[in-house]
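Visitor: sequence and predicted model, in that order:
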Amino acid sequence: ENEPEFRSYDILLNLNEGDTLRKVQTLSGDVRNDRSVVHALKVYNALNSSNYVRFFRLVRQSTFLEMCILKRYFYQMRTKAVRVMVRSFVAPKQVVQFPLEKIFDLLAFESLKECASFLRKHGIGSEGETAFFERSCFTEPDTAPKPTRSYNLIDAKKMSSYGEIMNGGPLPPNPYLTYEPHNSFDRNGYLKPESYEAKDQEGGQTPEEIARQKQEEERKGRILEHAKEISSQVVSTVVQAESRQVAKETIDYMNQRVLKKEIYYRIEDEVIDDLSHEITSQVMKEARNALLMERLAEEREVEAKEEAASQIVEDMVAENIKNVAQDALQEARLSEAALAELTAAEQAAKQLAQQVADEVAVQLAGQIHAEQQQALEDKIQQMKANSKRKLLAKYFKTWHKVVTKRRQRNQMLDDFPVMPAPLSPQQQAQRLGGDAMPRNRKSLSQQETERHELDAMLKLSVARKTIQESAVLLPFHLVYWIGERSDLMSVYKMLISVDGGGLTESHDFFPLQQMIFAKFKRMFPNNEPEDTEYLVKRRVPFGKRAGVISMCVRLVTEKNLDAALFCERERRRLFAGTGGILFLHLDPESDPKE
């Protein structure tokens, strides 16, 4: 009468066994077509096909006892479900957000907390009501967690006591309520003879019941004998089959061991050959590099010796030339002093004219250079701004593309059905692929041309800056500016006047003032006048006729001007013989007329 029910329980207890369907085929047609057996087979198909949605839907349709049996498969099916979700919904190297409540409903968890804890043990994080699926983070625990009681899913099906559930209906009356106890011992404390075989317990049984009980015992004995014969036959059959299987597996295992050993020796020989070849090539390479380094060291040593010898020879030649030049200069000073005095006047006039022309040219060149420098800097700033704007546009396009794709993917995941899509593979690929965005990129030739232009402009800027820095360090050449003239004077005197008698170190144009003074002082290497007011005070040979001129460059201060204003002698000493006055107006806040 209850065979279909217990057959269904047997199927549910062996869902992971491969022999379950074969056993079901041996059942009678009435048993196979029973509702409970059909339901158990549906659960078997859902479990083996990893259809977690159908599995938990069938669990909710099961009875209390069936749910208690299926509880053992919850962890297995939930793990399969999470694996299928990760592989189906998540692309490689992507993170997909999935509603936690949807997972809770599909996999029949007791609470959102239990659902989040299960996902966390499988490497999937969650925050609030959202789970974050990522392929690389998914893991399966080595051991299953301790099962917990399902109050909402299984206990909700319990509508009666456990006894009534196991009996399949209301329980019969309790026989212990009408049982009357009796004494099986006599007055002396010995067991009565009728109690040896418990005949005293038969009290209220009728002869029919006793006969029926004996028949039942005989039937059970026959069944037990037949069961022993069948079990012995089954055991012998299973033992033979298992022996053949074990022998076959043992032969296969030994063949695999022999094959693995051969493969291991072969791989070992190949690895040894490769390592020996690699070590030999490495040793040869190191020896070649060491020999090359020795040759380079010898060449450097020879070059250093040749350079030191050439430097010594050059120093000796320069010293000899310097001595000869000093002797010749001394003789020229003594013999050509008169001729130098006659030609100094003409050369001074030429030098002054040349100086004025050079100053004008320097001003024009400086103005042109400043304009070109400003134009170059403007062009560089414009190129930087264009590059920055293009880079920002590129970043914005990339960001917009990523956001658009993410929005489309989220929309696609929200609309993803739990059943197979009714579209063709081409239509699915077109929807999942999205629209390709055209990207306008410059050609390699354009990029190379712009890079060369930028390098050329940077090199030009560095060259101009180098020329300016070197020009700042060069001294003035008053001797060459004077030039050779017929009315050459023997004495040239120049006064230099600065705003307020000179700038302080805190002033912005103080370095420019010191640079001008240094260019005068560096005209002659050994020019160090005792008086700090004199920048140049020197007699030098000049011209082809061995003439000598006296040059004096003096700094005029407020103290000198005040003394010359009230004293005729100081005025003559200051301005007498002056051929030119240089006014340095460096302070923009002062009045140049003063």
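Guide: Here it is on my side, so go on. Residues are numbered from 1 along each chain as shown.
Visitor: okay, and the closest residue to residue 120 other than its chain neighbours sits in which element?
Guide: Leaving aside its sequence neighbours, residue 120 sits nearest to residue 126 (Cβ to Cβ, 6 or more residues apart in numbering; 7.0 Å). To be clear about C-beta, it is placed using only N, CA and C from the backbone, and glycine gets the same treatment. Here residue 126 sits within strand 125-127, counting by DSSP states H and E.
Visitor: repeat for residue 237
Guide: Assigned by DSSP H and E, residue 237 falls within helix 207-335.
Visitor: quick check: mean pLDDT of that helix?
Guide: Across helix 207-335, pLDDT averages out at 82.
Visitor: helices and strands around the next helix or strand after it, which ones?
Guide: Using DSSP H and E, the helix or strand that follows helix 207-335 in sequence is helix 337-414. When contacts are defined as 3 or more Cβ pairs under 8 Å, 6 or more residues apart in numbering; DSSP states H and E, helix 337-414 packs onto strand 95-99, helix 444-473, helix 478-482, strand 491-498, strand 534-542, strand 547-556.
Visitor: dump those to TSV, plus distance to residue 217.
Guide: Listed next are these as TSV, based on distance: least, Cβ to Cβ, whole Å:
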stretch	distance to residue 217
strand 95-99	63
helix 444-473	101
helix 478-482	146
strand 491-498	140
strand 534-542	143
strand 547-556	144
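Visitor: of all those, which one comes closest to residue 585?
Guide: With respect to residue 585, and counting by Cβ to Cβ, the nearest of those is strand 491-498 at 8.5 Å.
Visitor: worst average pLDDT in the helices and strands packed on helix 337-414?
Guide: helix 478-482 - the lowest mean pLDDT of these, at a mean of 68.
Visitor: quick one: the helices in the stretch 1-150 of the chain, in order.
Guide: 3-13, 20-25, 29-32, 35-48, 52-60, 64-70, 74-89, 100-106, 112-121 (DSSP state H, counting those that start in this stretch).
Visitor: wait, which of these is closest to residue 250?
Guide: helix 20-25 (26.2 Å).
Visitor: which other helices and strands does the closest one contact?
Guide: Helix 20-25 packs on helix 3-13, helix 35-48, going by 3+ Cβ pairs under 8 Å, 6+ apart.
Visitor: CSV please, covering those and showing mean pLDDT.
Guide: Listed next are the helices and strands packed on helix 20-25 as CSV, based on pLDDT from 0 to 100:
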stretch, mean pLDDT
helix 3-13, 91
helix 35-48, 93
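Visitor: dump those to a markdown table, plus distance to residue 287.
Guide: Conversion of these to a markdown table gives the following (distance: least, Cβ to Cβ, whole Å):
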| stretch | distance to residue 287 |
| --- | --- |
| helix 3-13 | 74 |
| helix 35-48 | 66 |
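Visitor: residues near residue 329, how many?
Guide: Burial measure for residue 329: 13 neighbouring residues, criterion other Cβ atoms under 10 Å.
Visitor: which residues touch it?
Guide: Residue 329 makes contact with residue 541 under the criterion Cβ atoms under 8 Å, 6 or more residues apart in numbering.
Visitor: quick one on the thing from earlier: export the helices and strands packed on helix 20-25 as JSON lines, with columns for mean neighbour count and distance to residue 454.
Guide: Listed next are the helices and strands packed on helix 20-25 as JSON lines, based on neighbours: other Cβ atoms under 10 Å; distance: least, Cβ to Cβ, whole Å:
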{"stretch": "helix 3-13", "mean neighbour count": "18", "distance to residue 454": "77"}
{"stretch": "helix 35-48", "mean neighbour count": "18", "distance to residue 454": "68"}
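Visitor: picking that back up, so which of the helices of the stretch 1-150 of the chain comes closest to residue 295?
Guide: If you check each of the helices of the stretch 1-150 of the chain against residue 295 by Cβ to Cβ, helix 74-89 wins as the nearest, at 62.0 Å.
Visitor: chain center to the closest one, what's the gap?
Guide: 31 Å (Cα atoms, centre = their mean, to the nearest Å).
Visitor: so that helix versus strand 95-99, what angle?
Guide: 130 degrees (axes from the mean of the first three to the mean of the last three Cα atoms, to 10 degrees).
Visitor: now what about helix 74-89, what contacts it?
Guide: 16, 47, 50, 52, 55-56, 96, 98, 103, 106-108, 118-119, 122, 124, 133-135, 138, 140, 144-145, 147, 150, 413, 416.
Visitor: number of residues surrounding residue 274?
Guide: 10.
Visitor: what of the one 10 residues further on?
Guide: Other residues near residue 284 number 10, with proximity taken as other Cβ under 10 Å.
Visitor: what does the one 3 residues further on give?
Guide: Neighbouring residues of residue 287 were enumerated by other Cβ under 10 Å; the total is 10.
Visitor: what distance do you get for it to residue 427?
Guide: For residue 287, the distance to residue 427 equals 66 Å [Cβ to Cβ, to the nearest Å].
Visitor: and if you look at residue 223?
Guide: 64 Å.
Visitor: and for residue 89?
Guide: 19 Å.
Visitor: likewise for residue 153?
Guide: Applying Cβ to Cβ to residue 153 and residue 427 gives a distance of 39 Å.
Visitor: ok, those two, which is more surrounded?
Guide: Set residue 153 next to residue 427 and count neighbours by other Cβ under 10 Å: residue 153 wins out with 17 against 11.
Visitor: centroid residue for the protein?
Guide: Per Cα atoms, centre = their mean, the C-alpha nearest to the average position across the chain is that of residue 93, at 13.8 Å.
Visitor: how many other residues sit next to the residue nearest to residue 128 when sequence neighbours are not counted?
Guide: Nearest residue to residue 128, sequence neighbours excluded (Cβ to Cβ, 6+ apart): residue 100, at 7.7 Å. Other residues lying near residue 100 total 19 when counted by other Cβ under 10 Å.
Visitor: same question for the one 3 residues further on.
Guide: When counting by other Cβ under 10 Å, one arrives at 23 neighbours for residue 103.
Visitor: just the one 4 residues further on next, same as before
Guide: Neighbours of residue 107 under the rule other Cβ under 10 Å: 22.
Visitor: that one: what's it in contact with?
Guide: Applying Cβ under 8 Å, 6+ apart, the residues near residue 107 are 52, 56, 77, 78, 81, 115.
Visitor: let's see 10 Å
Guide: Listed by Cβ atoms under 10 Å, 6 or more residues apart in numbering, the contact set of residue 107 reads 52-53, 55-56, 74, 77-79, 81-82, 85, 114-115, 118-119.
Visitor: also residue 46?
Guide: 15, 52, 53, 54, 55, 56, 57, 58, 59, 77.
Visitor: from the residues you listed, list the buried ones, please.
Guide: 15, 52, 54, 55, 56, 58, 59, 77 (16 or more other Cβ atoms under 10 Å).
Visitor: out of the residues you listed, who's nearest residue 307?
Guide: Nearest to residue 307 among these is residue 52, at 84.2 Å by Cβ to Cβ.
Visitor: from residue 256, how far off is the closest residue to the closest one other than its chain neighbours?
Guide: Leaving aside its sequence neighbours, residue 52 sits nearest to residue 81 (Cβ to Cβ, 6+ apart; 3.6 Å). Residue 81 sits 36 Å away from residue 256, taking Cβ to Cβ as the criterion.
Visitor: which one of the two has more residues nearby?
Guide: residue 81 (19 against 10).
Visitor: for that one, give me the pLDDT.
Guide: Reported pLDDT for residue 81: 93.
Visitor: could you measure from it over to residue 403?
Guide: For residue 81 relative to residue 403 (Cβ to Cβ), the value is 30 Å.
Visitor: check residue 558 too.
Guide: Counting by Cβ to Cβ, the gap from residue 558 to residue 403 is 73 Å.
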